[in-house]
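S.K.: Got a sequence here, can you model it:
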Amino acid sequence: MNATAGDRLLVHGYAVGKRDRSGVIAEMRGPCGGPPRTVRSGDGRTGPVFAGPDAVDVRQ
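M.R.: Numbers count the residues shown, from 1 in each chain. So this is what the prediction gives:
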């Protein structure tokens, strides 16, 4: 998954009852838009994310 700063990262719930989570990609740390990414979540927390197979980049 290649992304740019400003795109949204959507992580699907991995079990029954788990909600999807999303955040805005603030910074790309890996080469060519790869991981890790610094993501700002809806509650204001910011941190590095290594997205797994349950994550999707949504272009803005």
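S.K.: for the chain, what spans make up the helices?
M.R.: For the chain, no helices turn up when DSSP state H is the criterion.
S.K.: Tell me which residue is most central in it.
M.R.: Nearest to the geometric centre of the chain sits L9, at 3.2 Å (C-alpha atoms, centre = their mean).
S.K.: For that one, list the residues it contacts.
M.R.: By C-beta atoms under 8 Å, 6 or more residues apart in numbering, the contact set of L9 is 3, 22-25, 37, 39, 49, 51, 55-58. (Glycine included, C-beta is placed from N, CA and C.)
S.K.: Identify the bridge partners of it.
M.R.: Beta-bridge partners of L9, counted by DSSP bridges, are G23, D57.
S.K.: if we can go back for a sec, could you dump the contacts of L9 to a markdown table with distance to P31?
M.R.: Formatted as a markdown table, the contacts of L9 follow (distance: C-beta to C-beta, whole Å):
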| residue | distance to P31 |
| --- | --- |
| A3 | 13 |
| S22 | 24 |
| G23 | 21 |
| V24 | 21 |
| I25 | 15 |
| R37 | 12 |
| V39 | 18 |
| V49 | 16 |
| A51 | 15 |
| A55 | 18 |
| V56 | 21 |
| D57 | 16 |
| V58 | 21 |
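S.K.: Can you select the buried ones from those residues in ChimeraX?
M.R.: Provided next is the ChimeraX selection string for whichever of the contacts of L9 are buried by 16 or more other C-beta atoms under 10 Å:
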select :3,22,23,24,25,37,39,49,51,55,57
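S.K.: any idea which of the contacts of L9 is least confident?
M.R.: The member of the contacts of L9 with the lowest pLDDT is A3, at 79.
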